[in-house]
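# Predicted structure and sequence below. I'll ask about it afterward.
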Amino acid sequence: MCWSLQALLDFIGSLSNLSKLDLTYCESLQALPDSIGGLSNLSALYLSHCLRLKCMPSGIGKLSHLRTLPVCVLGDKNNCSLRELSSLNLEGKLYMKNLENVKNVKEAKEANLKQKQGLETLILSWNLDAYQKPGEASSEKINEDGKNVQEIVEALAVQDRDVDTELIEDVLENLQPHVTLAVLKIEEYLGRVFPRWLMELAVPNLAKLTLKGCMRCEILPQFRLLHNINKLELNTLLRVQCLPALGQMRSLRILKLYVLPGIKCLSSEFYGGDGAFPALEDLDLACMPELEEWSRTAEVLAMYPDDELFLSSLQSGAFPNIDRPEMKFRVDRMISSLPPVLSGVSMPRHRGGDGTDPYSQGSSLKS
């Protein structure tokens with residue numbers, strides 16, 4: 001770990017017996033030498049938290065012994081491309097950054113992810129700011145301008161990004177992982193639909209799934225048919241207006257719902273039937289400004305439209321593992337009443353304007 005390291009000397013490519021190169025937390029590292037393709041015995045290359053590394057050089061595909069590549073920073077046609085992953089028998093985790101640099105579907109297909117049985121965790125990431133038009137503020141700048149969450153959501157929603165929707169969708173369609181994949185995260189994807197392999201649940205062994213910043217997608221998969229998922233996070237999905245029957249996910253222990261401005265009501269469809277959420281232990285909810293009610297059978301708790309967090313009845317049969325709930329929430333005004341089932345529950349209330357970030361922890365309901 002060397003925070004000040006900006007570049008590696010070109011001679012490193014002559015270290016033909018080097019088997020492991022760990023550059024984790026080299027936050028100032030801006031480039032890797034082209035000679036890195038000469039490390040013929042390299043089996044592990046660690047680049048996590050190399051924040052200034054914009055791309056990797058071509059030649060990664062020559063590293064025939066490479067098994068561990070937790071981060072792959074894609075570049076343009078003269079740098080590392082997806083096709084270089086084709087012959088690599090990668091294992092463990094693969095975080096593919098800058099997928100906006102993939103300019104044709106063939107390149108995505110040649111990555112051959114579907115045959116990489118050793119991969120357990122896959123993160124597929126685009127950079128939203130790569131699509132911004134001249135004069136538009138970057139997503140990072142929007143977040144730094146002191147706006148509240150609602151203002152940030154509105155600013156992101158109205159941006160007219162220069163996007164080849166068909167290309168983006170086709171690229172993701174051809175990045176289908178092996179059926180044994182356990183952890184999947186898709187972030188800042190600007191297609192309008194999720195890939196067929198996710199919608200048709202062709203990744204049956206998923207245990208953890210995160211969909212974050214997929215701001216143009218409207219329809220979500222039927223998660224309840226993914227029987228092994230124990231953690232699900234839905235974050236900054238601006239056009240989703242209806243959630244599927246999450247209550248019927250029999251293994252789900254952790255559910256995080258953040259920045260879903262299109263959700264106005266959590267009704268019976270959210271539960272999907274009796275005995276909902278049989279394994280749930282941790283429920284986090286935040287920044288759903290249009291939500292007005294969360295119903296369970298006859299009980300409905302109406303909320304102020306500007307309440308970011310909300311409470312619900314815990315009627316018999318739902319949330320059986322949340323025995324002594326502690327609810328933490330930050331709102332602009334006190335909620336006037338609670339349903340009877342929550343009487344006696346300790347619920348510390350935090351107001352905005354106290355110098356703390358009102359959205360830093362979301363809202364939580366946990367045992």
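Right, received. Where do you want to start?

# contacts, neighbours, all on C-alpha from now
Will do.

# which stretches of this protein aren't confidently modelled?
Across the chain, the ranges flagged by pLDDT under 70 are 1, 133-160, 295-367.

# what about the nearest residue in space to residue 193 that is not next to it in sequence, neighbour count?
Once flanking residues are discounted, residue 193 sits nearest to residue 217: 5.2 Å by Cα to Cα, 6 or more residues apart in numbering. For residue 217, the neighbour count with other Cα atoms under 10 Å is 17.

# quick one: what helix or strand has residue 217 in it?
Under the assignment given by DSSP states H and E, residue 217 is not contained in any helix or strand.

# Wait, it touches residue 188, no?
No. Contact criterion Cα atoms under 8 Å: residue 217 and residue 188 do not qualify, at 10.8 Å.

# Identify each of the helices in the stretch 101-250 of the chain and give its residue range.
Ranges of helices within the stretch 101-250 of the chain are 105-110, 139-144, 149-158, 165-173, 196-199, based on DSSP state H, counting those that start in this stretch.

# Would you mind listing the buried residues in the last one?
The reference is to helix 196-199. Within helix 196-199, the residues that count as buried by 16 or more other Cα atoms under 10 Å are 197, 198.

# Are there helices or strands packed against it, and which ones?
Contacts defined by 3 or more Cα pairs under 8 Å, 6 or more residues apart in numbering; DSSP states H and E place helix 196-199 against no helix or strand at all.

# Setting aside sequence neighbours, what's the nearest residue to residue 65?
Excluding the flanking residues, the one nearest residue 65 by Cα to Cα, 6+ apart is residue 43, at 5.1 Å.

# Quick check: the one you found vs residue 16, distance?
In this view, residue 43 and residue 16 are 12 Å apart by Cα to Cα, to the nearest Å.

# Looking at the two, which has the bigger crowd around it?
Remark: of residue 43 and residue 16, residue 43 carries more neighbours, 18 against 13, as counted by other Cα under 10 Å.

# is it true that the more buried one touches residue 22?
No. Using Cα under 8 Å, residue 43 makes no contact with residue 22, being 11.0 Å away.

# which SS class is residue 257?
Under the three-state scheme (DSSP: H, G, I helix; E, B strand; the rest coil), residue 257 adopts strand.

# quick one, what contacts it?
233, 234, 235, 284, 285, 286 (Cα atoms under 8 Å, 6 or more residues apart in numbering).

# Could you do residue 29 as well?
Residue 29 sits next to 3, 4, 5, 6, 7, 50, 51, 52, 53 when contact means Cα under 8 Å, 6+ apart.

# Over to residue 199?
The contact partners of residue 199, taken as Cα under 8 Å, 6+ apart, are 220, 221, 222.

# Recalculate using a threshold of 6 Å.
Neighbouring residues of residue 199 by Cα atoms under 6 Å, 6 or more residues apart in numbering: residue 221.

# roughly how far apart are it and residue 173?
In this view, residue 199 and residue 173 are 11 Å apart by Cα to Cα.

# residues near residue 224, how many?
Residue 224, neighbours per other Cα under 10 Å, totals 18.

# how about the nearest residue to it, chain neighbours excluded?
Nearest in space to residue 224, with sequence neighbours left out and distances taken as Cα to Cα, 6+ apart, is residue 249 at 4.5 Å.

# isn't the one you found right up against residue 226?
No. In this structure residue 249 lies outside contact range of residue 226 using Cα atoms under 6 Å: 7.4 Å.

# ok, the two, which is more surrounded?
Using other Cα under 10 Å, the more surrounded residue of residue 249 and residue 226 is residue 249, with 25 against 20.

# For residue 276, see how far away that one is.
Going from residue 249 to residue 276 by Cα to Cα gives 8 Å.

# do residue 202 as well
Counting by Cα to Cα, the gap from residue 202 to residue 276 is 24 Å.

# ok, now how distant is residue 39 from residue 71?
Residue 39 sits at a distance of 17 Å from residue 71 (criterion: Cα to Cα).
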